[in-house]
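next come a sequence and a model predicted from it.
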Amino acid sequence: MADPLNDPRWCDKVKSVEVAADNRWTAIHKPVPLRPAVELAVEQVDVEAPNRLTLREEDEASVFHVEYRLEATETGTRLTQISEFEWKSLPRVLHGTFARGVRRDVRNQLRALKRLLES
């Protein structure tokens, strides 16, 4: 999870990822069904290994600020993902619909990540 090159393993919308520079990657992802894939710029903003990682992700339609937190518990490790996003070019009337889609996608990604880590 800390290395965006692994994203295609647990995020089915990410088709490929390449290193762009130190702490920067370029991902090709397909955020909307029936639409072409788009380029996503990914930047590591902050890291406090192994407890916290903050990323900034931007494509033509949106900017995401994503924070992953790990916390030890009595039964294992708790992973928390906090995603804040803003639309750049989406008509306001569609914000709610697309926000629901983002929440659904994040849930699906975390389930896929859990399956991968537990396998």
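Perfect, thanks for sending it.

which parts of this protein are helices?
7-10, 95-118 (DSSP state H).

can I get the ones you listed in CSV with distance to Gly76 and mean neighbour count?
Where you see a C-beta, it was placed from the backbone N, CA and C, and this is true even at glycine. Shown next, in CSV, are the helices of the chain (distance: least, C-beta to C-beta, whole Å; neighbours: other C-beta atoms under 10 Å):
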stretch, distance to Gly76, mean neighbour count
helix 7-10, 18, 17
helix 95-118, 10, 13
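
adding distance to Lys30 and mean pLDDT, write these out as TSV.
As requested, these are exported to TSV (distance: least, C-beta to C-beta, whole Å; pLDDT from 0 to 100):
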stretch	distance to Lys30	mean pLDDT
helix 7-10	11	95
helix 95-118	11	93
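
among the ones you listed, which is nearest Leu55?
Evaluated with C-beta to C-beta, these place helix 7-10 nearest to Leu55, the distance being 10.4 Å.

about what we covered before: make JSON lines out of the helices of the chain and add distance to Asp22.
Converted to JSON lines, these look like this (distance: least, C-beta to C-beta, whole Å):
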{"stretch": "helix 7-10", "distance to Asp22": "18"}
{"stretch": "helix 95-118", "distance to Asp22": "25"}
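
out of the ones you listed, which is closest to Val32?
helix 95-118 (8.1 Å).

counting by contacts, list what the closest one packs against.
If contacts are counted by 3 or more C-beta pairs under 8 Å, 6 or more residues apart in numbering; DSSP states H and E, helix 95-118 sits against helix 7-10, strand 76-87.
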